[in-house]
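Novice: turn this into a structure:
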Amino acid sequence: MGRLRTTRFLTRFTADLLFPKTHNFQPNFVIHRLIRPLNPNLTPNCLIPTTSFYKFRGFPSFSTAANPIFDLGSYEDEQKFADELVVRDEDEDELGKISVKAIFLCTSVDLKSLQVELSSHVVRPTSRSTNHTALKFCNYNPDYMEAGVEENSSSHSYVVVFQYGSAVLFNVEDHEVESYLSIIKRHASGSVLKDSERRNDDYVIKEKPLLPEDMQGGPDYMVLKNLDIDSIRIISSVLGQSIALDYFVSQVDGMVKEFTDINRMMEKTGTFTMERKKLFQLVGKANSNLADVILRVGLFDRSEIAWREAKYAQIYEYLREEYEVTQRFANLDYKLKFVEHNIHFLQEALQNRKSDLLEWVIIVLLSIENIIGIYEIIQESSIVLI
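Specialist: I've put the predicted structure just below:
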(Lines give C-alpha, C1' and ligand atoms only; values in the text may rest on other atoms or scores of the structure.)
Protein backbone atom coordinates (compact mmCIF):
# COMPACT_ATOMS: atom_id res chain seq x y z
CA MET A 1 0.00 0.00 0.00
CA GLY A 2 2.89 2.36 0.81
CA ARG A 3 4.46 1.75 -2.60
CA LEU A 4 1.16 2.55 -4.34
CA ARG A 5 0.83 5.89 -2.53
CA THR A 6 4.41 6.77 -3.37
CA THR A 7 3.83 5.91 -7.02
CA ARG A 8 0.67 8.14 -7.15
CA PHE A 9 2.52 11.03 -5.53
CA LEU A 10 5.41 10.81 -8.03
CA THR A 11 2.96 10.51 -10.89
CA ARG A 12 1.02 13.68 -9.82
CA PHE A 13 4.25 15.60 -9.25
CA THR A 14 5.56 14.64 -12.71
CA ALA A 15 2.22 15.59 -14.37
CA ASP A 16 2.18 19.00 -12.72
CA LEU A 17 5.68 19.68 -14.02
CA LEU A 18 4.98 18.48 -17.57
CA PHE A 19 1.46 19.94 -17.87
CA PRO A 20 1.21 23.15 -15.82
CA LYS A 21 -2.30 24.47 -15.22
CA THR A 22 -3.02 27.43 -17.51
CA HIS A 23 -6.64 28.11 -16.61
CA ASN A 24 -8.13 29.25 -13.30
CA PHE A 25 -11.52 27.71 -13.11
CA GLN A 26 -14.35 29.18 -11.08
CA PRO A 27 -17.13 26.77 -10.09
CA ASN A 28 -19.70 29.57 -9.81
CA PHE A 29 -18.92 30.53 -13.38
CA VAL A 30 -20.06 27.12 -14.65
CA ILE A 31 -23.31 27.54 -12.76
CA HIS A 32 -23.88 30.90 -14.47
CA ARG A 33 -23.15 29.35 -17.84
CA LEU A 34 -25.56 26.50 -17.16
CA ILE A 35 -28.30 28.94 -16.20
CA ARG A 36 -27.78 31.35 -19.11
CA PRO A 37 -26.15 30.51 -22.46
CA LEU A 38 -23.22 32.37 -23.92
CA ASN A 39 -25.27 33.54 -26.87
CA PRO A 40 -28.43 35.31 -25.56
CA ASN A 41 -30.26 34.48 -28.80
CA LEU A 42 -29.97 30.76 -28.16
CA THR A 43 -32.18 28.71 -25.92
CA PRO A 44 -30.78 26.73 -22.96
CA ASN A 45 -31.31 23.52 -24.94
CA CYS A 46 -28.54 24.53 -27.34
CA LEU A 47 -25.88 24.32 -24.65
CA ILE A 48 -23.67 21.34 -25.53
CA PRO A 49 -20.24 20.34 -24.19
CA THR A 50 -17.36 21.68 -26.24
CA THR A 51 -14.62 19.60 -27.84
CA SER A 52 -12.00 22.35 -27.57
CA PHE A 53 -10.36 21.37 -24.31
CA TYR A 54 -7.20 23.12 -23.29
CA LYS A 55 -4.83 20.27 -22.37
CA PHE A 56 -5.75 16.71 -21.82
CA ARG A 57 -4.59 15.20 -18.57
CA GLY A 58 -4.45 11.45 -18.46
CA PHE A 59 -4.67 11.14 -14.70
CA PRO A 60 -8.24 11.23 -13.39
CA SER A 61 -7.23 11.57 -9.78
CA PHE A 62 -5.72 15.06 -10.06
CA SER A 63 -6.33 17.20 -7.01
CA THR A 64 -6.84 20.32 -9.09
CA ALA A 65 -10.28 21.44 -10.32
CA ALA A 66 -11.59 20.03 -13.57
CA ASN A 67 -11.35 21.93 -16.84
CA PRO A 68 -14.42 23.99 -17.88
CA ILE A 69 -16.97 22.01 -19.84
CA PHE A 70 -18.04 24.95 -22.04
CA ASP A 71 -16.08 26.86 -24.61
CA LEU A 72 -15.34 30.47 -23.69
CA GLY A 73 -14.99 31.47 -27.33
CA SER A 74 -13.30 34.81 -27.76
CA TYR A 75 -13.22 35.59 -24.01
CA GLU A 76 -9.67 35.43 -22.72
CA ASP A 77 -10.57 35.74 -19.10
CA GLU A 78 -13.43 34.12 -17.23
CA GLN A 79 -13.67 36.98 -14.77
CA LYS A 80 -14.19 39.49 -17.57
CA PHE A 81 -16.96 37.35 -19.00
CA ALA A 82 -18.53 36.91 -15.57
CA ASP A 83 -18.62 40.71 -15.06
CA GLU A 84 -20.31 41.21 -18.42
CA LEU A 85 -22.68 38.40 -17.61
CA VAL A 86 -23.80 40.10 -14.41
CA VAL A 87 -24.62 43.30 -16.32
CA ARG A 88 -26.48 41.26 -18.94
CA ASP A 89 -28.40 39.43 -16.21
CA GLU A 90 -29.54 42.71 -14.68
CA ASP A 91 -30.94 43.88 -18.02
CA GLU A 92 -32.55 40.58 -18.97
CA ASP A 93 -34.09 40.02 -15.55
CA GLU A 94 -36.27 43.10 -16.11
CA LEU A 95 -39.54 42.12 -17.73
CA GLY A 96 -39.95 45.65 -19.06
CA LYS A 97 -40.44 49.30 -18.28
CA ILE A 98 -44.00 50.40 -17.63
CA SER A 99 -44.68 54.07 -18.22
CA VAL A 100 -46.90 55.90 -15.74
CA LYS A 101 -48.65 59.18 -16.55
CA ALA A 102 -50.38 61.25 -13.85
CA ILE A 103 -52.78 63.94 -15.08
CA PHE A 104 -55.01 66.41 -13.25
CA LEU A 105 -57.75 67.26 -15.74
CA CYS A 106 -60.80 68.45 -13.75
CA THR A 107 -61.83 69.44 -10.25
CA SER A 108 -64.29 66.61 -9.66
CA VAL A 109 -65.33 63.29 -11.25
CA ASP A 110 -68.56 61.35 -10.83
CA LEU A 111 -67.15 57.89 -10.15
CA LYS A 112 -70.52 56.14 -10.02
CA SER A 113 -71.50 57.10 -13.55
CA LEU A 114 -67.99 56.20 -14.74
CA GLN A 115 -68.31 52.75 -13.18
CA VAL A 116 -71.69 52.24 -14.82
CA GLU A 117 -70.36 53.05 -18.29
CA LEU A 118 -67.20 50.94 -17.89
CA SER A 119 -68.55 48.23 -15.63
CA SER A 120 -66.75 45.47 -17.54
CA HIS A 121 -63.39 47.17 -16.93
CA VAL A 122 -63.78 47.98 -13.24
CA VAL A 123 -61.28 46.18 -11.01
CA ARG A 124 -62.73 44.84 -7.78
CA PRO A 125 -61.68 47.12 -4.88
CA THR A 126 -59.26 45.70 -2.33
CA SER A 127 -59.95 48.34 0.33
CA ARG A 128 -62.84 50.37 1.69
CA SER A 129 -61.64 53.57 0.04
CA THR A 130 -64.29 55.11 -2.22
CA ASN A 131 -62.37 58.09 -3.61
CA HIS A 132 -61.04 56.24 -6.65
CA THR A 133 -61.86 53.66 -9.31
CA ALA A 134 -59.38 51.31 -10.97
CA LEU A 135 -60.01 50.31 -14.60
CA LYS A 136 -58.29 47.53 -16.53
CA PHE A 137 -57.99 47.46 -20.31
CA CYS A 138 -56.48 44.76 -22.52
CA ASN A 139 -53.89 45.99 -24.97
CA TYR A 140 -52.43 42.77 -26.39
CA ASN A 141 -53.13 41.12 -29.71
CA PRO A 142 -55.57 38.18 -29.47
CA ASP A 143 -53.44 36.31 -32.02
CA TYR A 144 -50.67 36.16 -29.44
CA MET A 145 -52.94 34.45 -26.98
CA GLU A 146 -53.67 31.73 -29.49
CA ALA A 147 -49.93 31.20 -29.85
CA GLY A 148 -49.66 30.63 -26.11
CA VAL A 149 -47.77 33.78 -25.13
CA GLU A 150 -47.71 34.18 -21.38
CA GLU A 151 -49.68 37.13 -19.99
CA ASN A 152 -47.74 39.66 -17.91
CA SER A 153 -48.01 43.21 -16.59
CA SER A 154 -47.43 44.67 -20.05
CA SER A 155 -50.47 42.82 -21.40
CA HIS A 156 -52.88 45.33 -19.86
CA SER A 157 -53.32 49.04 -19.35
CA TYR A 158 -54.62 50.37 -16.04
CA VAL A 159 -56.32 53.69 -15.41
CA VAL A 160 -56.97 54.84 -11.84
CA VAL A 161 -59.41 57.75 -11.61
CA PHE A 162 -59.79 59.78 -8.43
CA GLN A 163 -62.84 61.70 -7.31
CA TYR A 164 -60.92 64.97 -6.95
CA GLY A 165 -59.97 64.98 -10.65
CA SER A 166 -56.66 63.12 -11.03
CA ALA A 167 -56.13 60.19 -13.40
CA VAL A 168 -53.08 57.90 -13.36
CA LEU A 169 -52.45 55.81 -16.49
CA PHE A 170 -50.24 52.70 -16.52
CA ASN A 171 -48.79 51.24 -19.69
CA VAL A 172 -50.68 53.63 -21.98
CA GLU A 173 -49.04 54.92 -25.15
CA ASP A 174 -48.83 58.66 -25.75
CA HIS A 175 -51.21 58.57 -28.71
CA GLU A 176 -53.82 56.72 -26.61
CA VAL A 177 -53.88 59.12 -23.66
CA GLU A 178 -56.48 61.52 -25.06
CA SER A 179 -58.93 58.70 -25.83
CA TYR A 180 -58.87 57.63 -22.18
CA LEU A 181 -59.11 61.19 -20.93
CA SER A 182 -62.11 61.90 -23.16
CA ILE A 183 -64.00 59.12 -21.39
CA ILE A 184 -63.18 60.62 -17.99
CA LYS A 185 -64.17 64.12 -19.10
CA ARG A 186 -67.67 62.90 -19.92
CA HIS A 187 -68.14 62.15 -16.23
CA ALA A 188 -66.53 65.32 -14.88
CA SER A 189 -68.85 66.93 -12.34
CA GLY A 190 -66.55 69.90 -11.80
CA SER A 191 -64.87 72.31 -14.16
CA VAL A 192 -62.70 70.73 -16.84
CA LEU A 193 -59.30 72.36 -17.12
CA LYS A 194 -57.91 73.72 -20.34
CA ASP A 195 -54.85 72.10 -21.85
CA SER A 196 -52.71 75.00 -20.64
CA GLU A 197 -54.00 74.57 -17.07
CA ARG A 198 -53.71 70.78 -17.01
CA ARG A 199 -50.99 69.31 -14.81
CA ASN A 200 -48.96 66.29 -16.01
CA ASP A 201 -46.21 64.13 -14.57
CA ASP A 202 -44.39 61.03 -15.84
CA TYR A 203 -42.96 58.09 -13.94
CA VAL A 204 -41.51 54.68 -14.80
CA ILE A 205 -41.99 51.31 -13.13
CA LYS A 206 -39.48 48.52 -13.80
CA GLU A 207 -40.54 44.98 -13.00
CA LYS A 208 -37.73 42.65 -11.96
CA PRO A 209 -38.81 39.26 -10.54
CA LEU A 210 -35.29 38.37 -9.33
CA LEU A 211 -34.98 41.52 -7.24
CA PRO A 212 -33.73 40.54 -3.77
CA GLU A 213 -35.93 43.22 -2.16
CA ASP A 214 -39.57 44.10 -2.69
CA MET A 215 -38.68 47.45 -4.23
CA GLN A 216 -35.81 49.73 -5.13
CA GLY A 217 -36.06 53.41 -5.92
CA GLY A 218 -34.24 55.58 -8.42
CA PRO A 219 -34.52 58.99 -10.06
CA ASP A 220 -37.99 59.13 -11.66
CA TYR A 221 -38.37 55.34 -11.60
CA MET A 222 -39.01 52.45 -9.24
CA VAL A 223 -38.01 48.80 -9.51
CA LEU A 224 -40.53 46.29 -8.18
CA LYS A 225 -40.34 42.55 -7.83
CA ASN A 226 -43.98 42.29 -8.86
CA LEU A 227 -46.43 44.94 -10.02
CA ASP A 228 -49.86 43.87 -8.78
CA ILE A 229 -53.12 45.75 -8.47
CA ASP A 230 -52.42 46.87 -4.89
CA SER A 231 -49.06 48.30 -5.98
CA ILE A 232 -50.86 50.14 -8.78
CA ARG A 233 -53.36 51.60 -6.31
CA ILE A 234 -50.61 52.72 -3.91
CA ILE A 235 -48.51 54.31 -6.65
CA SER A 236 -51.60 55.98 -8.12
CA SER A 237 -52.67 57.44 -4.78
CA VAL A 238 -49.36 59.24 -4.25
CA LEU A 239 -48.96 60.38 -7.88
CA GLY A 240 -52.59 61.53 -8.00
CA GLN A 241 -52.20 63.53 -4.80
CA SER A 242 -48.91 65.00 -6.00
CA ILE A 243 -50.31 66.19 -9.32
CA ALA A 244 -53.43 67.60 -7.61
CA LEU A 245 -51.22 69.41 -5.14
CA ASP A 246 -49.40 70.98 -8.08
CA TYR A 247 -52.68 72.38 -9.36
CA PHE A 248 -53.72 73.84 -6.00
CA VAL A 249 -50.26 75.33 -5.49
CA SER A 250 -50.58 77.05 -8.88
CA GLN A 251 -53.96 78.46 -7.80
CA VAL A 252 -52.52 79.81 -4.58
CA ASP A 253 -49.52 81.21 -6.46
CA GLY A 254 -51.97 83.17 -8.59
CA MET A 255 -53.51 84.69 -5.46
CA VAL A 256 -50.10 85.48 -4.01
CA LYS A 257 -49.17 87.28 -7.22
CA GLU A 258 -52.37 89.30 -7.13
CA PHE A 259 -51.81 90.41 -3.55
CA THR A 260 -48.17 91.19 -4.34
CA ASP A 261 -49.31 93.55 -7.11
CA ILE A 262 -51.76 95.24 -4.71
CA ASN A 263 -49.02 95.72 -2.11
CA ARG A 264 -46.71 97.25 -4.70
CA MET A 265 -49.44 99.66 -5.79
CA MET A 266 -50.04 100.63 -2.17
CA GLU A 267 -46.32 101.24 -1.80
CA LYS A 268 -46.36 103.69 -4.71
CA THR A 269 -49.75 105.40 -4.31
CA GLY A 270 -50.61 104.88 -0.66
CA THR A 271 -54.00 103.40 -1.53
CA PHE A 272 -55.54 100.45 -3.34
CA THR A 273 -58.52 99.81 -5.58
CA MET A 274 -60.39 96.58 -4.93
CA GLU A 275 -64.07 95.89 -4.77
CA ARG A 276 -65.49 94.17 -1.72
CA LYS A 277 -66.94 91.45 -3.95
CA LYS A 278 -63.52 90.64 -5.41
CA LEU A 279 -62.05 90.37 -1.94
CA PHE A 280 -64.76 87.94 -0.83
CA GLN A 281 -64.08 85.85 -3.93
CA LEU A 282 -60.43 85.58 -2.96
CA VAL A 283 -61.42 84.59 0.58
CA GLY A 284 -63.66 81.84 -0.75
CA LYS A 285 -61.01 80.60 -3.19
CA ALA A 286 -58.33 80.37 -0.51
CA ASN A 287 -60.60 78.53 1.91
CA SER A 288 -61.85 76.10 -0.74
CA ASN A 289 -58.33 75.28 -1.90
CA LEU A 290 -57.23 74.44 1.62
CA ALA A 291 -60.35 72.36 2.22
CA ASP A 292 -59.92 70.47 -1.06
CA VAL A 293 -56.31 69.58 -0.32
CA ILE A 294 -57.05 68.29 3.17
CA LEU A 295 -60.51 66.75 2.77
CA ARG A 296 -61.07 65.76 -0.86
CA VAL A 297 -57.51 64.92 -1.88
CA GLY A 298 -56.93 63.29 1.50
CA LEU A 299 -53.33 64.35 1.69
CA PHE A 300 -52.93 63.10 5.26
CA ASP A 301 -55.24 60.11 5.13
CA ARG A 302 -53.46 56.83 5.83
CA SER A 303 -53.72 54.27 3.03
CA GLU A 304 -55.52 51.11 4.11
CA ILE A 305 -53.48 48.98 1.70
CA ALA A 306 -50.21 50.38 3.06
CA TRP A 307 -51.39 49.82 6.61
CA ARG A 308 -52.25 46.20 5.83
CA GLU A 309 -48.92 45.04 4.36
CA ALA A 310 -45.36 46.24 4.92
CA LYS A 311 -44.17 46.10 1.30
CA TYR A 312 -46.94 48.46 0.20
CA ALA A 313 -46.17 50.76 3.11
CA GLN A 314 -42.56 50.89 1.90
CA ILE A 315 -43.69 51.95 -1.58
CA TYR A 316 -46.12 54.50 -0.11
CA GLU A 317 -43.56 56.13 2.19
CA TYR A 318 -40.85 56.12 -0.47
CA LEU A 319 -43.03 57.89 -3.04
CA ARG A 320 -44.29 60.46 -0.54
CA GLU A 321 -40.69 61.25 0.36
CA GLU A 322 -39.60 61.21 -3.28
CA TYR A 323 -42.31 63.72 -4.26
CA GLU A 324 -41.87 65.73 -1.04
CA VAL A 325 -45.60 65.75 -0.40
CA THR A 326 -45.35 66.92 3.20
CA GLN A 327 -42.86 69.70 2.43
CA ARG A 328 -44.91 70.94 -0.52
CA PHE A 329 -48.03 71.08 1.60
CA ALA A 330 -46.08 73.05 4.22
CA ASN A 331 -45.11 75.54 1.51
CA LEU A 332 -48.72 75.71 0.36
CA ASP A 333 -49.89 76.33 3.92
CA TYR A 334 -47.29 79.10 4.29
CA LYS A 335 -48.54 80.80 1.11
CA LEU A 336 -52.14 80.49 2.29
CA LYS A 337 -51.19 82.18 5.55
CA PHE A 338 -49.67 85.02 3.53
CA VAL A 339 -52.90 85.29 1.54
CA GLU A 340 -54.94 85.16 4.75
CA HIS A 341 -52.87 87.94 6.30
CA ASN A 342 -53.36 90.16 3.24
CA ILE A 343 -57.07 89.40 3.12
CA HIS A 344 -57.43 90.34 6.79
CA PHE A 345 -55.57 93.61 6.21
CA LEU A 346 -57.63 94.52 3.14
CA GLN A 347 -60.86 93.68 4.94
CA GLU A 348 -59.94 96.04 7.73
CA ALA A 349 -58.99 98.71 5.19
CA LEU A 350 -62.29 98.33 3.34
CA GLN A 351 -64.15 98.34 6.63
CA ASN A 352 -62.43 101.54 7.72
CA ARG A 353 -63.12 103.05 4.33
CA LYS A 354 -66.80 102.19 4.72
CA SER A 355 -66.82 103.60 8.25
CA ASP A 356 -65.30 106.82 7.03
CA LEU A 357 -67.98 107.07 4.37
CA LEU A 358 -70.72 106.54 6.92
CA GLU A 359 -69.21 109.17 9.17
CA TRP A 360 -69.21 111.69 6.32
CA VAL A 361 -72.80 110.82 5.52
CA ILE A 362 -73.77 111.43 9.13
CA ILE A 363 -71.89 114.72 9.13
CA VAL A 364 -73.68 115.83 5.96
CA LEU A 365 -77.08 114.83 7.37
CA LEU A 366 -76.42 116.68 10.59
CA SER A 367 -75.31 119.71 8.62
CA ILE A 368 -78.49 119.62 6.52
CA GLU A 369 -80.56 119.26 9.68
CA ASN A 370 -78.82 122.25 11.25
CA ILE A 371 -79.32 124.32 8.11
CA ILE A 372 -83.03 123.45 8.07
CA GLY A 373 -83.29 124.31 11.77
CA ILE A 374 -81.60 127.68 11.24
CA TYR A 375 -83.86 128.41 8.28
CA GLU A 376 -86.96 127.68 10.36
CA ILE A 377 -85.74 129.91 13.17
CA ILE A 378 -85.12 132.77 10.72
CA GLN A 379 -88.57 132.37 9.24
CA GLU A 380 -90.24 132.32 12.65
CA SER A 381 -88.37 135.46 13.71
CA SER A 382 -89.36 137.26 10.53
CA ILE A 383 -93.03 136.43 11.14
CA VAL A 384 -92.86 137.81 14.68
CA LEU A 385 -91.35 141.05 13.49
CA ILE A 386 -94.13 141.53 11.00
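
Novice: drop to CA atoms for contacts and neighbour counts, all remaining ones
Specialist: Will do.

Novice: wait, is residue 202 part of a helix?
Specialist: No. Counting by DSSP: H, G, I helix; E, B strand; the rest coil, residue 202 falls outside a helix, being strand.

Novice: around it, how many other residues sit close by?
Specialist: By other C-alpha atoms under 10 Å, 14 other residues sit near residue 202.

Novice: can you tell me the closest non-neighbouring residue to it?
Specialist: residue 101 (4.7 Å; C-alpha to C-alpha, 6 or more residues apart in numbering).

Novice: which strand or helix spans the nearest residue to residue 97 once chain neighbours are set aside?
Specialist: Of all residues not flanking residue 97 in the chain, residue 206 sits nearest, at 4.6 Å (C-alpha to C-alpha, 6+ apart). Element membership for residue 206, per DSSP states H and E: strand 199-207.

Novice: still on that earlier bit, is it true that the residue nearest to residue 97 touches residue 222?
Specialist: Yes. Assessed by C-alpha atoms under 8 Å, residue 206 is found in contact with residue 222 at 6.0 Å.

Novice: quick one: the residue nearest to residue 97 and residue 156, what's the gap?
Specialist: Distance from residue 206 to residue 156, counting by C-alpha to C-alpha, to the nearest Å: 15 Å.

Novice: neighbour-wise, which of the two wins?
Specialist: Applying other C-alpha under 10 Å to residue 206 and residue 156 shows that residue 206 carries more neighbours, namely 21 against 15.

Novice: ok, what's across the strand from that one?
Specialist: Here residue 206 sits in beta bridges with residue 97, residue 223, as judged by DSSP bridges.

Novice: neighbouring strands - and their directions - for the helix or strand following the strand holding residue 206?
Specialist: Downstream of strand 199-207, the first helix or strand assigned by DSSP H and E is strand 215-218. Strand 215-218 has the following strand partners under DSSP bridges: strand 221-224 (antiparallel).

Novice: how far does the helix or strand following the strand it pairs with sit from its chain's centre?
Specialist: Going down the chain from strand 221-224, the next helix or strand is helix 229-269, by DSSP H and E. In terms of C-alpha atoms, centre = their mean, to the nearest Å, the centre of helix 229-269 is found 17 Å from the chain centre.

Novice: ok, now which ones touch the residue nearest to residue 239 when sequence neighbours are not counted?
Specialist: Setting aside the residues directly before and after it, residue 239 is nearest to residue 102 in space (C-alpha to C-alpha, 6+ apart), at 6.2 Å. By C-alpha atoms under 8 Å, 6 or more residues apart in numbering, the residues touching residue 102 are 166-169, 200-202, 236, 239-240, 243.

Novice: and the residues you listed as CSV, adding pLDDT and distance to residue 327?
Specialist: Converted to CSV, the contacts of residue 102 look like this (pLDDT from 0 to 100; distance: C-alpha to C-alpha, whole Å):
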residue, pLDDT, distance to residue 327
166, 95, 20
167, 96, 23
168, 97, 22
169, 96, 25
200, 92, 20
201, 93, 18
202, 94, 20
236, 95, 19
239, 95, 15
240, 95, 16
243, 94, 14
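
Novice: ok, those residues vs residue 298, which is closest?
Specialist: residue 240 (10.6 Å; C-alpha to C-alpha).

Novice: so where's the chain uncertain?
Specialist: Along the chain, the parts satisfying pLDDT under 70 run over 1-95, 140-154, 356, 385-386.

Novice: now do the helices in it.
Specialist: 2-18, 27-35, 78-92, 111-117, 142-146, 177-185, 229-269, 276-291, 304-308, 310-322, 325-385 (DSSP state H).

Novice: what's the closest of these to residue 135?
Specialist: With C-alpha to C-alpha as the yardstick, what comes closest out of the helices of the chain is helix 111-117 (8.8 Å).

Novice: perfect, I'm done here.
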